[in-house]
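Participant: coordinates for the following, if possible.
(one chain, ligands or ions: 3)
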Amino acid sequence: MNLILLGAPGAGKGTQAERIAEKHGMVQLSTGEMLRAAVKAGSEIGMKAKSVMEAGGLVSDEIVIGIISERIDQPDCANGFILDGFPRTLPQAAALETLLDSKGKTLDAVIEIKVDDTALVERITGRFSCAKCGVGYHDTFKPTSTAGVCDKCGSTEFVRRADDNEETVKNRLMSYYRETAPLTGYYFAKDRLKGVDGMADIGEVTNQIEAILS
Ligand code: AP5
Ligand code: MG
Ligand code: ZN
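Facilitator: Ligands and ions are numbered 1, 2, ... in the order given. From the prediction side, this is the model:
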């Protein structure tokens with residue numbers, strides 16, 4: 001099964017992709033995570049992406065299409081993948097279609113996670129993750145069970161993303177409405193689009209996605 005999760009910044013794409021991928025033995029493909037890893041490693045792609053990401057803009061189609069094209073060829077993707085944060089522009093959607101066709105792969109569903117704009121800002125500014133294992137948390141909505149200790153690995157070090165501040169979030173939202181929102185129309189016209197209520201709590205959103213998949 002191959003899926004796309006669509007949604008504004010902070011809608012819960014990463015949270016849900018992680019849960020669904022784990023349950024079904026699929027791979028989560030987050031272009032945001034891959035680009036952050038490239039920035040951290042100081043690679044050529046990372047150097048090109050850094051300032052764009054910090055400003056809340058979109059990295060070039062050429063770069064992200066290249067990253068995804070290579071990643072989809074890896075053997076672990078044969079069991080199915082969840083695209084989280086890709087495609088994000090109409091040219092990326094068109095390129096994905098060509099790519100999947102050429103590799104004999106299909107797209108099973110496109111699921112849009114719908115969340116109110118005011119909730120998005122609250123979700124993003126409260127987000128943090130474990131510096132060691134990467135698992136994600138939220139100050140209010142998904143705190144660690146013991147304050148200051150990661151539930152999964154016991155680490156006491158946490159990080160916040162460089163682009164998770166209120167000003168950059170607004171630019172990310174602008175990029176979303178300008179470039180990414182048209183994809184809902186694109187996939188609706190192709191009879192692929194399904195929507196879930198992303199204002200529900202995390203487990204309930206997962207249940208809605210599972211209902212679509214079954
Ligand atoms: P990316 O990393 O994809 O960021 P984003 O789209 O802004 O999305 P987020 O990761 O912020 O949100 P999310 O939907 O994953 O939410 P999460 O599950 O964490 O991209 C970063 C940057 O990279 C882009 O700005 C761009 O520059 C570049 N980039 C990436 N892909 C690109 C592409 N294809 N083309 C061009 N450029 C690209 O949830 C958020 C918080 O809310 C968490 O704390 C979570 O615990 C909490 N939460 C989740 N669900 C719920 C719920 N139901 N109720 C309450 N709280 C919840
Ligand atoms: Mg994410
Ligand atoms: Zn951890």
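Participant: how far does stretch 206-214 sit from the chain's center?
Facilitator: Distance of stretch 206-214 from its chain centroid, counting by Cα atoms, centre = their mean, to the nearest Å, is 18 Å.
Participant: and it, does that touch ligand 1?
Facilitator: No - Stretch 206-214 does not reach ligand 1 (Cβ under 6 Å from any ligand atom); its nearest approach is 8.9 Å. Bear in mind the C-beta positions are built from the backbone N, C-alpha and C, glycine included.
Participant: got the buried residues for that stretch?
Facilitator: By neighbour count on 16 or more other Cβ atoms under 10 Å, the buried set for stretch 206-214 is 206, 208-209.
Participant: the closest residue to ligand 1 within the chain in helix, strand or coil?
Facilitator: Among the residues of the chain, G32 lies closest to ligand 1, at 1.9 Å counting by Cβ to the nearest ligand atom. At G32 the chain is in helix, as set by DSSP: H, G, I helix; E, B strand; the rest coil.
Participant: closest to ligand 3 among the buried residues of stretch 206-214?
Facilitator: T206 (20.5 Å; Cβ to the ion).
Participant: can you tell me the closest non-neighbouring residue to the closest one?
Facilitator: R19 (5.1 Å; Cβ to Cβ, 6 or more residues apart in numbering).
Participant: and the gap between the one you found and I82?
Facilitator: In this view, R19 and I82 are 10 Å apart by Cβ to Cβ, to the nearest Å.
Participant: the more surrounded of those two?
Facilitator: Taking other Cβ atoms under 10 Å, R19 and I82 do not tie; I82 has more neighbours (25 against 19).
Participant: the more buried one belongs to a helix?
Facilitator: No - counting by three-state DSSP, I82 is located in no helix; its state is strand.
Participant: what number of residues lie near E157?
Facilitator: Counted with other Cβ under 10 Å, E157 comes out at 9.
Participant: hang on, the earlier thing: tell me the SS of the residue nearest to T206?
Facilitator: Secondary structure assignment for R19 (three-state DSSP): helix.
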